[in-house]
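A.B. asks: build me a model from this:
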Amino acid sequence: MHEQSVRSASNRASATARGRTRAREEGGLWNRPALLDLLSDLLLLITALAIGHALLSWFLARPFFPVREVVVLTPPAQVTTAQIEFAARSAIRGNFFSMSLDEVRTAFEKLPWVRRAEVRRRWPNAVELRLEEHQAVAYWRSGDSDSVHLVNRQGELFIAASNADLPEFAGPPGSAAYLLERYRAFATVLEPLQRRLVSVWLSAREAWQLELDDGMVIVLGREQDKAPVEQRLMRFVRAWPQTERNIGLQIATVDLRYQRGFALTPTSGPHVPKGMQ
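C.D. replies: All right, here's what the predicted structure looks like:
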């Protein structure tokens, strides 16, 4: 009898323990105070951050800290004050903190003579502006269009109004930088003649033609393995002073497409059209 009572008591204790275990398992999260405290702190932190962000956004959107000045650190040569003011009015939105510097920079880089713009905030109410302007070195005429662009010192095309006395380039699309490189080389070769190179043309078949400031057209044609264009041009430059004295004629066209000589066309003869190949 006594053993039965002990076993019964033990069974009841085991049942009670299992019941408590199931209760704790069924209670789950609510019976884990440490985890509840951590979640509570996390929710409070998220709420505080959200409220702080909302308050900061509201504060920055208020008409405090207005931008009152654009400080130009690089005095422009081509860009006018009116253009700078227009770009600033159209791009600066919001206040000192909320304005988008990327939008401001893009607006200034859309001005005709601006190659690159750099903008920074200057406390408490200004924008610092540095401008890199295009430096035009030539006019550009596309081979398939009548539109006129300008070529800068980097060989890049840009659109702007200019009446400067610059050489003229014409060639296939995308060849402006190459023409600028060859122009500099040709101009160096022609220096002994004391005549300025005013035009350089490159045809779709890569045939070269030059024009000097006295109207003389030099037809170089295409590159040749045995007689590159610069070699033929140098040969002409060496021979021309004596040739000019001997012939006593005004020459309209010089054809250098020959390996060992050149042909001359007087101004009274048929003129070779630009772009001949």
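A.B. asks: and the gap between Val114 and Gly174?
C.D. replies: 22 Å (C-beta to C-beta, to the nearest Å). All C-beta spots, glycine's among them, are computed from the backbone N, C-alpha and C.
A.B. asks: more neighbours: which of those two?
C.D. replies: Val114 (23 against 9; other C-beta atoms under 10 Å).
A.B. asks: quick check on the more buried one: phi, psi?
C.D. replies: phi -90, psi 120 (degrees, to the nearest 10).
A.B. asks: and it, what are its bridge partners?
C.D. replies: Judged by DSSP bridges, the bridge partners of Val114 are Glu133.
A.B. asks: wait, what's in contact with it?
C.D. replies: Val79, Phe108, Leu131, Glu132, Glu133, His134 (C-beta atoms under 8 Å, 6 or more residues apart in numbering).
A.B. asks: OK, contacts around the fifth one?
C.D. replies: Read that as Glu133. When contacts are counted by C-beta under 8 Å, 6+ apart, Glu133 touches Pro76, Ala77, Gln78, Val79, Trp113, Val114, Arg115.
A.B. asks: what subset of the residues you listed is buried?
C.D. replies: For the contacts of Glu133, a burial check counting by 16 or more other C-beta atoms under 10 Å picks out Pro76, Gln78, Val79, Trp113, Val114, Arg115.
A.B. asks: could those go into a markdown table alongside pLDDT?
C.D. replies: Shown next, in a markdown table, are these (pLDDT from 0 to 100):
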| residue | pLDDT |
| --- | --- |
| Pro76 | 94 |
| Gln78 | 95 |
| Val79 | 96 |
| Trp113 | 97 |
| Val114 | 98 |
| Arg115 | 97 |
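A.B. asks: ranges for the strands of the stretch 101-250 of the chain?
C.D. replies: For the stretch 101-250 of the chain, the strands defined by DSSP state E, counting those that start in this stretch occupy 114-122, 126-133, 136-142, 148-152, 157-158, 168-171, 197-202, 208-212, 217-221.
A.B. asks: Ala263 is nearest to which of these?
C.D. replies: strand 217-221 (8.8 Å; C-beta to C-beta).
A.B. asks: specify the local secondary structure of Gly94.
C.D. replies: coil (DSSP: H, G, I helix; E, B strand; the rest coil).
A.B. asks: give me the pLDDT for it.
C.D. replies: Looking at Gly94, its pLDDT reads 87.
A.B. asks: give me the distance between it and Phe65.
C.D. replies: Taking C-beta to C-beta, one finds Gly94 at 9 Å from Phe65.
A.B. asks: just checking, Ser142 touches Pro173?
C.D. replies: Yes: counting by C-beta atoms under 8 Å, Ser142 touches Pro173, with 6.2 Å between them.
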